[in-house]
Every structure is written in structure tokens, then in C-alpha cells.
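In: mind looking at a prediction? Sequence and model below.
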Amino acid sequence: MSTPLTPAVFHILLALSTGERHGYGIMKQVESDSRGKVNMGAGTLYGSLKRMLDAGLVEESGKRVDPEMDDARRIYYRNTGTGERALADELERIEHLVNRAREIKLAYGK
Amino acid sequence: MGNELARKLYRTLVALYPRDFRTRFGESMEQTFDDVYRERNGAVSIFADTATGVVTERWVQITGLMTMTKTTPRARNAAILGAILCIPPTAMISMLVLNIEPPFGEALRGEPDTPNVIGSLIALTVFLFLPTALFINLRPLMFKLRAGEGIISSPFNLLVAAVSFGVIAFIVGAIIVDQYPCWMGVPNCD
């Protein structure tokens, strides 16, 4: 199993797993996915995106206008095949941990 | 805080990022700041997070230490420095093996039957170049491996690491072969 991802990288990959997004779109999706528990700032977001782009986990998918926002052209990002595999591995790792935690909870009757 | 003042302050903060980062993401960061400011009626937290980002990226720029960091310029520098560090010890070993007297050998030799402290120190320092070259070239290779790339993706680092390791192995092997009889208690062993 691969090395655990940092929380920021995991949240970004998860946000991009449902479609291409620009920076602020990723921030909003992360907030939505985490039910408002994670508010990712621009520093964390773009620092993580830089490393993810360099590692080939995400890629730019072009610069275009978001029809729901102003008329500024924005850079959109999407997951690569490597990014999707890293996300799948991480989800599997988390699932295993959650299952293990449930087993322990059942064993101790709590 | 007024919108224009906030934008100016944020732009100043973004200007503190390393140039490469700023060129790549500066415009997007300012757009994101505008989005946050407009939709959330203020953006105090984004200043704190961006200030932390400045420190982080400067730290990454200096050390190259960060998960998933592609260290291409650092890897290139490591390969160049490592290659330079490998030259003196490799040249010394080659001269020893080929029985070539170095031009400065006479000056370093010193008096017979007296410990040659300066010569030994110089030799030891030069030989320490090899583990240094090995270490600084193993680091980018480790980063590549952690990023999920093969070590072949840094061929020059791999070459320098292999050469430095090979010369170290040769020296250790030669010392063992040379000194083995002494360790086994052979009389008059030198």
C-alpha cells in the first residue's frame, strides 16, 4: 500500500475526483466534502497544487471563464491517472483503518 | 478593511513568494483572494494562510524538503557538486593503483619514520568527499522514489552515487585485502 497522503493533498484529489475545478472551486468543494470542517486557504491550496503538479497527481486542463462567477479566465485543474490511483489507495487505506477501528470497538463492547 | 487596500496588501504578500512560485500561481492566488473576499465578505484568514505559505515555500526553496517536491534544480546541483567531489579522491586512488607519483608528493611525504599528520589529514579530507557526494546524490533519488518516480528519472544523480559508492567500496575492499594478514596475526606485517 502506498504512503499516506497529506490531508490537503487528499482533500484536493477528492474535490477534483468529481470534475475539473479552478482554485476557488476546489476550496468550496473541500469545504462541502468536509461538511464545513476544512477551510483550505490559498497558501495551502496553491502550495499543495504546485507539489501535486510536479508529482503528476494533477494537471492543468486549460484556462477559461467560470459561467457562475465573474468574467475572469481561470486555470482549471483535474486529476491525472496517477492522482486517481493515489486517491483510490488512500481511500482503501482509510477504509481498512475504519474497519479495524470498528472491530476494536465491537471487541471492547463500546 | 476596504477592498482595494485588502487587495494591495494581499498582492504585497504574494510578492514575498519565491519568483518561480509567484510566476506560476500569483495571478490565480489573487483571483482566489478576490473570490473569497467577494463571497465571504472579508478574507482575514486567507492572509494568515498565505503568510504561512510564504514561509513554507521559502523553506522548500532553501532546503528542498517537502513531500512530493520535484527537486530538479537541486538534483542537477547535487549531481554537479557530487561529480566535482568525486574527482580528487578518484584521481588519488587512480595514481596509487597506477603507481604514479603526484607532483606535490615529495612535499607531503615528510620525514621518514615520523607520522605525517598533514598528509594524513589531507588524504582523509579528500576521501571524505566520497561519502559526501554519495549522501547529497542519494537525497534527490529518495525524493524521486517518494514521489512515485523511478530512480532512473535522475540518471546523473544515480551515476554520481554509483561512482562514489564504487570508489568507497574499492577503498574499503583494498584496506581489508591489505590488512587482512595483520588481523590474522602474520608476523612482521605492515
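Out: Yes, it's here. Numbers count the residues shown, from 1 in each chain, chains lettered A, B, ... in the order given.

In: and B:Ala91, what pLDDT?
Out: For B:Ala91, the pLDDT comes out at 86.

In: ok, B:Lys144 next?
Out: Per-residue confidence (pLDDT) for B:Lys144: 71.

In: in which helix or strand would I find it?
Out: B:Lys144 is part of helix B:117-146, with elements assigned from DSSP states H and E.

In: other SSEs contacting the helix or strand following that helix?
Out: The helix or strand immediately downstream of helix B:117-146 is helix B:155-183, counting by DSSP H and E. Helices and strands in packing contact with helix B:155-183 are listed as helix B:72-97, helix B:117-146; criterion 3 or more C-beta pairs under 8 Å, 6 or more residues apart in numbering or on different chains; DSSP states H and E. All C-beta spots, glycine's among them, are computed from the backbone N, C-alpha and C.

In: show me what the longest one packs onto, helices and strands only.
Out: Right, the one you point to is helix B:117-146. Using 3+ C-beta pairs under 8 Å, 6+ apart, the elements in contact with helix B:117-146 are helix B:72-97, helix B:105-109, helix B:155-183.

In: doesn't B:Thr50 make contact with A:Asn41?
Out: Careful, residue A:41 is Gly; it's not Asn. Yes - using C-beta atoms under 8 Å, A:Gly41 makes contact with B:Thr50 at a distance of 6.5 Å.

In: now B:Glu39: how far from A:Met69?
Out: 9 Å (C-beta to C-beta, to the nearest Å).

In: more neighbours: these two, which one.
Out: A:Met69 (16 against 11; other C-beta atoms under 10 Å in any protein chain shown).

In: the more buried one sits in which helix or strand?
Out: Counting by DSSP H and E, no helix or strand carries A:Met69.

In: that one touches B:Asp35, doesn't it?
Out: Yes - proximity of A:Met69 to B:Asp35 meets the contact threshold set by C-beta under 8 Å, at 6.9 Å.

In: mutual contacts of the two, please.
Out: A:Tyr24 (C-beta atoms under 8 Å, 6 or more residues apart in numbering or on different chains).

In: and the most centrally placed residue in chain A, how far is that from A:Ile26?
Out: In chain A, the centroid-proximal residue (C-alpha atoms, centre = their mean) is A:Ile12; its distance is 2.2 Å. A:Ile12 sits 6 Å away from A:Ile26, taking C-beta to C-beta as the criterion.

In: name the SS class of B:Cys189, please.
Out: State at B:Cys189, reduced to three classes by DSSP: H, G, I helix; E, B strand; the rest coil: coil.

In: ok so, going back, buried ones in the helix holding B:Lys144?
Out: For helix B:117-146, burial by neighbour count (16 or more other C-beta atoms under 10 Å in any protein chain shown) applies to B:126-127, B:129-130, B:133-134, B:136-141, B:143-144.

In: let's have those residues in CSV, adding distance to B:Pro18.
Out: Formatted as CSV, the buried residues of helix B:117-146 follow (distance: C-beta to C-beta, whole Å):
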residue, distance to B:Pro18
B:Val126, 36
B:Phe127, 37
B:Phe129, 30
B:Leu130, 33
B:Ala133, 27
B:Leu134, 29
B:Ile136, 21
B:Asn137, 24
B:Leu138, 25
B:Arg139, 20
B:Pro140, 19
B:Leu141, 24
B:Phe143, 18
B:Lys144, 21
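
In: closest to B:Gln31 out of the residues you listed?
Out: B:Phe143 (30.6 Å; C-beta to C-beta).

In: low-confidence stretches in the chain?
Out: Since you didn't name a chain, this refers to chain A. A:1-2, A:70-71, A:109-110 (pLDDT under 70).

In: oops, I was thinking of chain B
Out: Applying pLDDT under 70 to chain B picks out residues B:1-2, B:41-43, B:63-74, B:103-113, B:115, B:146-153, B:190.

In: sounds good, over and out.
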